[in-house]
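In: Just to be clear, the model below is a prediction. Sequence and coordinates:
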Amino acid sequence: MTDKKRVVILISGRGSNMNALIEATKEEDYPAQIVGVISNKEDAPGLELAKAANIPTLVVPPKDTGDRAIDQQLRAWNADIVCLAGFLRILSAPFCKLWHGKIINIHPSLLPEFKGLNTHSRALEAEATEHGCTAHFVVAELDGGPIIGQVAVPVLYDDNATILAERVLKAEHKLYPWALAQIASGDISFNKLS
Ligand code: GRF
């Protein structure tokens, strides 16, 4: 496939979703390629995984100048799509507007349930019988953009947050490569209304 979309992944930690995307792009007919990985944490273990896969990496400075530095690098790498994969910093509204319809995220809950952090313990506290993950477009409102797809998993009687997180993570690793393929192929899009 010649016209693969150019994808940059933003991480803060271990990078297992990033790795799932890297693995998916190894398929010849996958419609996207990973051209760079950006972390806001210089000790993010995912950076080593990216380097091992020969993908260029960058650590961005914290806070204020961060979004501008990210934008510059995305343009330098000619990015078509930005995938957040455990990126623990909230992107500014101007940045989200600039990259409208091109940024996607994987979130460990069935949105709109449990936006934000600690989703697994909150699902257990709420005695949910079903939990899961969501791939969605990113807008300025936290975890509030249109949903691309979801995978549900059962919550079992003797689950704790760690066991439930593992079950959800397995689902994330299947959902996120699928969701990216939908965006990269143009099968799903999020158009600007104004
Ligand atoms: C995942 O659970 C993802 O849904 C959430 O943060 C976690 C990141 O894990 N946004 P990893 O770095 O992809 O392993």
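Out: Thanks, I have the structure now.
In: From now on I want contacts and neighbour counts done on CA atoms only, so please keep to that.
Out: Will do.
In: Might you enumerate the residues of the protein proximal to the ligand?
Out: Within the chain, the positions lying close to the ligand (CA under 6 Å from any ligand atom) are Gly13, Arg14, Gly15, Ser16, Asn17, Met18, Ala85, Gly86, Ile106, His107, Pro108, Leu169.
In: By neighbour count, which of those residues wins?
Out: Met18 (28 neighbours; other CA atoms under 10 Å).
In: Quick check: the residue lying closest to it once chain neighbours are set aside vs Asp159, distance?
Out: Leaving aside its chain neighbours, Met18 sits nearest to Ala85 (6.0 Å; criterion: CA to CA, 6 or more residues apart in numbering). Separation of Ala85 from Asp159 (CA to CA, to the nearest Å): 25 Å.
In: Dump stretch 97-117 to PDB, restricted to CA.
Out: Backbone C-alpha positions of stretch 97-117 (Å, rounded to 0.1, in the frame of the first residue of the first chain) are rendered in PDB as follows:
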ATOM      1  CA  LYS A  97      -8.900  22.800  17.400                       C
ATOM      2  CA  LEU A  98      -5.800  22.900  15.200                       C
ATOM      3  CA  TRP A  99      -5.800  19.100  15.000                       C
ATOM      4  CA  HIS A 100      -9.600  18.700  14.900                       C
ATOM      5  CA  GLY A 101     -10.600  15.300  13.600                       C
ATOM      6  CA  LYS A 102      -7.100  14.100  13.500                       C
ATOM      7  CA  ILE A 103      -6.400  13.200  17.200                       C
ATOM      8  CA  ILE A 104      -7.800  10.000  18.700                       C
ATOM      9  CA  ASN A 105      -7.500   8.400  22.100                       C
ATOM     10  CA  ILE A 106      -8.000   5.100  23.800                       C
ATOM     11  CA  HIS A 107      -9.800   5.300  27.200                       C
ATOM     12  CA  PRO A 108     -10.200   2.500  29.700                       C
ATOM     13  CA  SER A 109     -14.000   2.700  30.200                       C
ATOM     14  CA  LEU A 110     -17.200   2.500  28.300                       C
ATOM     15  CA  LEU A 111     -17.600   6.300  27.800                       C
ATOM     16  CA  PRO A 112     -19.500   8.400  28.800                       C
ATOM     17  CA  GLU A 113     -19.100   6.300  32.000                       C
ATOM     18  CA  PHE A 114     -16.000   7.000  34.000                       C
ATOM     19  CA  LYS A 115     -14.200   9.900  32.300                       C
ATOM     20  CA  GLY A 116     -10.800  10.700  33.700                       C
ATOM     21  CA  LEU A 117      -8.600   8.600  35.900                       C
END
